[in-house]
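Novice: following is a predicted model, sequence given first.
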Amino acid sequence: MSNVIIIGAGPAGLAGAIACADFGLKVTVLDEFFRPGGRLLGQLYQEPSGKWWNGLKEAERLREKAKALAIDIRCGVSVFNLAKDDSLWQVHTTAGTLTASYVLVATGSAEYPIPVPGWTLPGVMSIGAAQVMTNVHRVQVGSKGIIIGANILAFAILTELQMAGIKVERIVLPEKSPISQEAGEPEEVLKSLLSAAHLAPSFLLRWGSVFMKIGLFRKIALNFYPKGGMKISGTPLQLRKAAVEILGRNQVEGVRVVDIDPAGGIVPGSGKIYEADFVCIAGGLYPLAELTAIAGCPFQFVPELGGHIPLHAEWMETPLPGLFVAGNITGIESGKIAMAQGTVAGLAIAKQAGKGAGSVDLLLQQAVAKVRQEREQAPIQFNPGVDQGRQMMKELWESEFVKPSLKL
């Protein structure tokens, strides 16, 4: 029997496993994918410093370190239930039921689906699926595509597709609806994108973005926004156009697009068809937290972190004894932050298990500080206001829940 079961072999899960095993704990890591690495497997981008972040290499580094520590990584295994008896956690999987004193849930995130008429046609996929097909499976998703949805994730993967020689003709918004909500409103989209304005390629754009943080200037900018769009990595971002239908008989052949006003309303008689052989829908990410809900963990809705979040302390403990969380399940952020959180969770588990005597306390404090440092240095935030969201979670934990078993 393992001391610790970790659900998810992404950056948070692997980092957490390594931190636990460093203190002599027996660790089993479960993941439904056929290889460890999670979202790291599809990541390849240049950082503002000029260095390249190669997720495949980072995943391999973590896997080799885990192997050296005799961590049991089981891929192709799905977890469908999580419960606790008097003393042990019961982890129910497609390969049988496993038990452990501690469980770390590091299931990451999933993509919001935005339904568009015709989205069941072959050639329509989520933006994340395009990333995995391109960077992991080395499959060309098409030769001429359109992205529906404008957000930080879409822009990051757009660059990766272009590096693979895949042409994306344009980025448009989804039609405004109760499901797409703010993703279909040009002003709200522009407002959310301003959090990454400091990465704009020209000084003029960076300088101008300061004024667009004022509501009046955003409205003026959208009224005069060019119909042809403004280029992001060479692809026009058309904030005043929305996709209303994906067309094709047996596969994607084109997208019907209409002009929209700053609030997302359709301009009558403005429909036009653009040719395409693939479409990526970018609805954004939300924490994949169902397993913690099944276990009975309380939640809090925190829009700044991406949605409903399991309640947790800064050292990743939940109110349920022995249950920890780390990575995007706690809020949508980067792979580096997920790894740092995984290390915190692993050290916190080691402390609760009575390992490391006094040394683990110092390491835990340093690991928590590392998470804060990575957050401060992160070039982009997937959700504006993440600092406020984290502070809200910290205050909620300290004021409303059982006295934490760990003291920092």
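Specialist: Alright, I've got the coordinates.
Novice: need the pLDDT of the closest residue to residue 69 other than its chain neighbours.
Specialist: Leaving aside its chain neighbours, residue 69 sits nearest to residue 21 (3.9 Å; criterion: CB to CB, 6 or more residues apart in numbering). Using the backbone N, CA and C atoms, a C-beta is placed for each residue, glycine as well. Residue 21 is assigned a predicted lDDT (pLDDT) of 97.
Novice: please tell me how far residue 21 sits from residue 159.
Specialist: For residue 21, the distance to residue 159 equals 35 Å [CB to CB, to the nearest Å].
Novice: what sits against the residue nearest to residue 69?
Specialist: By CB atoms under 8 Å, 6 or more residues apart in numbering, the contact list for residue 21 reads 27, 66, 69-71.
Novice: among those residues, which are in strands?
Specialist: residue 27 (DSSP state E).
Novice: low-scoring stretches of the stretch 101-250 of the chain, by residue?
Specialist: The stretch 101-250 of the chain contains residues with pLDDT under 70 at 194-221, 223-224.
Novice: please repeat the previous calculation with a cut-off of 50.
Specialist: Residue ranges of the stretch 101-250 of the chain with pLDDT under 50: 197-212.
Novice: all helices of it, in order?
Specialist: 127-135, 152-163, 186-193, 203-212, 215-223 (DSSP state H, counting those that start in this stretch).
Novice: how about the stretch 251-400 of the chain?
Specialist: 290-295, 335-352, 359-377, 386-400.
Novice: filter the contacts of residue 21 down to the buried ones.
Specialist: 27, 66, 69, 71 (16 or more other CB atoms under 10 Å).
Novice: strands paired with the longest strand anywhere in the chain, and their directions?
Specialist: Ranked by residue count and defined by DSSP E, the top strand of the chain is strand 235-247. Here strand 235-247 has these sheet partners by DSSP bridges: strand 167-174 (parallel), strand 230-232 (antiparallel), strand 254-259 (antiparallel).
Novice: got the confidence number for the closest residue to residue 335 other than its chain neighbours?
Specialist: Distances taken as CB to CB, 6+ apart place residue 11 nearest to residue 335, at 4.7 Å, with adjacent residues excluded. Note for residue 11: predicted pLDDT of 96.
Novice: distance of residue 11 relative to residue 106?
Specialist: For residue 11, the distance to residue 106 - CB to CB - is 8 Å.
Novice: which residue of this structure sits farthest from its center?
Specialist: residue 269 (37.5 Å; CA atoms, centre = their mean).
Novice: looking at the contacts of residue 21, which is nearest residue 294?
Specialist: Proximity of the contacts of residue 21 to residue 294 (CB to CB) peaks at residue 27, which lies at 21.9 Å.
Novice: show me what contacts that closest one?
Specialist: 2-6, 17, 20-21, 69, 71-72.
Novice: with residue 36 instead?
Specialist: 9-10, 14, 29, 59, 62-63, 66, 73, 75.
Novice: give me phi/psi at it?
Specialist: Phi and psi for residue 36, reported as degrees, to the nearest 10, are phi -70, psi 160.
Novice: just checking, residue 274 touches residue 253?
Specialist: No - counting by CB atoms under 8 Å, residue 253 is not a contact partner of residue 274; they are 10.3 Å apart.
Novice: domains for the protein, by residue range?
Specialist: 4-110+285-400, 113-281 (automatic domain parsing).
Novice: name the stretch among these that sits most buried.
Specialist: Mean neighbours per residue, mean count of other CB atoms under 10 Å, is largest over these for domain 4-110+285-400, with a mean of 20.
Novice: and it, how far from the chain's centre?
Specialist: Relative to the centre of its chain, domain 4-110+285-400 is centred 13 Å away, using CA atoms, centre = their mean, to the nearest Å.
Novice: with stretch 236-246 instead?
Specialist: Counting by CA atoms, centre = their mean, stretch 236-246 comes out at 24 Å from the chain centroid.
Novice: same thing with stretch 119-139?
Specialist: From the chain centre to the centre of stretch 119-139 is a distance of 16 Å (CA atoms, centre = their mean).
Novice: measure the nearest residue to residue 360 once chain neighbours are set aside to residue 5 for me?
Specialist: Distances taken as CB to CB, 6+ apart place residue 351 nearest to residue 360, at 4.8 Å, with adjacent residues excluded. Using CB to CB, one obtains 18 Å as the distance from residue 351 to residue 5.
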